[in-house]
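Colleague: sequence plus the predicted model coming up.
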Amino acid sequence: MSTAPPSVTAVLGAGSWGTTFAKIAADAGASRKTDVRVWARRADAAEEINTAHRNTRYLGDTVLPANLRASADPAEVLAGAQLVVLAVPAQTLRAQLRDFKPLIPKDAVILSLMKGLEVGTDARMSQVISEELEWPQEKIAVLSGPNLAMEIAREEPTASVVACSDLATAGWIAASCTAPYFRPYTNTDVIGTEIGGIVKNVIALAVGICEGKQMGDNTKASVMTRGLAETTRLAVALGGQAETLFGLAGMGDLIATCSSALSRNHTAGRLLAQGLSLDEVTATMQQTAEGIKSAQAVLDRATKLGVSMPITENVVAVLQGTISVDELGPRLLARELKAEGVHTP
């Protein structure tokens, strides 16, 4: 792979995070005139990006760089791309990859921004990419960390992690998306990085429910801390590294997602606590809260591995209607007394 930064970066997905990452890539590549293209499912969204340099549905009045353009035609977006960034809903990824596959240049590096497990297979997004595209592992990477899109779009300083089995590839991607307000670190722990980004959504649902029920900061801090412990247990059981979960892809992402009103999963939890149904939550938010989609898959994977995840288990029970949101709080820490530790269920 060439060490030169990409001259063409394609971002598939024009939601809040996809558009924000495209802005990062365009700002990072402005001096070298990197061509950043975004695939938008809706033609009117592509037109707004091209003519008004805005994506008002997701990013309000944020002005997008001149070297960022959009199209509803994936062939046009993907032509000649060296870096292909995937930012579509996790549960639609497999089907969309089948459409994108013939259009993706064979030497491209693939970067996933998605944080979810596929329902039915319990597969991580990098696994879905590998299976559907038949791409080499050293050319598949993931980006995770505290990635609240609106804050980054406002150019508030943020650090994140690019993970790839090949550290040189991770470094190449990091160099292509380093902007004055966005600092990517690198590692080779794809599993740990993905699991941190997946499970924190489930924990954020729990914290959002606690906040919606007007529980205090002690409760929320307790759920977050024990949530990090069960996230780490799952990551290690899958082959990830514990230290990854104590960095940006674990603790960093968890804090941001559980604490911010900008977090979709935190917001979804609060709405559930207010008595809205799952359908009403989705309609109110008009965005995907991946924790709702992925919670069952996380629990299924943990059960198969014999990993205890009591917070996740209770969140799934709320989502399935087995217990009410009023019952969740008391159950979150209702475990037999044990010593504290990452390996403590």
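Modeller: Done, it's in.
Colleague: skipping its backbone neighbours, what lies nearest Pro73 in space?
Modeller: Careful, residue 73 is Asp and not Pro. Once flanking residues are discounted, Asp73 sits nearest to Trp39: 7.8 Å by Cβ to Cβ, 6 or more residues apart in numbering. (Glycine included, C-beta is placed from N, CA and C.)
Colleague: straight-line length of stretch 95-107, end to end?
Modeller: The first and last residues of stretch 95-107 sit 22 Å apart, counting by Cα to Cα, to the nearest Å.
Colleague: mind listing what's buried along it?
Modeller: Under the neighbour-count criterion of 16 or more other Cβ atoms under 10 Å, stretch 95-107 has Gln96, Leu97, Phe100, Leu103, Ile104 buried.
Colleague: same question, stretch 41-55
Modeller: By 16+ other Cβ under 10 Å, the buried positions in stretch 41-55 come out as Ala45, Ala46, Glu48, Ile49, Arg54, Asn55.
Colleague: export those to a markdown table and tack on pLDDT and secondary structure?
Modeller: Formatted as a markdown table, the buried residues of stretch 41-55 follow (pLDDT from 0 to 100; DSSP: H, G, I helix; E, B strand; the rest coil):
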| residue | pLDDT | secondary structure |
| --- | --- | --- |
| Ala45 | 97 | helix |
| Ala46 | 98 | helix |
| Glu48 | 98 | helix |
| Ile49 | 98 | helix |
| Arg54 | 97 | coil |
| Asn55 | 97 | coil |
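Colleague: now the two most distant members of those.
Modeller: Greatest spacing in those, by Cβ to Cβ: Ala46 and Arg54 (12.0 Å).
Colleague: show residues contacting the helix or strand containing Trp172.
Modeller: Here Trp172, judged by DSSP states H and E, is contained in helix 167-176. Outside of helix 167-176, the residues within contact range by Cβ atoms under 8 Å, 6 or more residues apart in numbering are 1, 3, 5-6, 9, 25, 28-29, 34, 83, 109, 111, 138-139, 141, 143, 162-164, 184-188.
Colleague: among those, which lie within strands?
Modeller: 9, 83, 109, 111, 141, 143, 162-164, 184-187 (DSSP state E).
Colleague: what pLDDT does the residue nearest to Leu68 when sequence neighbours are not counted get?
Modeller: Computed as Cβ to Cβ, 6+ apart, the closest residue to Leu68 that is not its neighbour in sequence is Ala26, at 4.1 Å. Here, the pLDDT recorded for Ala26 equals 97.
Colleague: quick one: the longest helix seen in the chain to strand 140-144, angle?
Modeller: Ordering each helix of the chain by length in residues (DSSP state H) puts helix 190-212 first. If you take axes from the mean of the first three to the mean of the last three Cα atoms, to 10 degrees, helix 190-212 sits at 30 degrees to strand 140-144.
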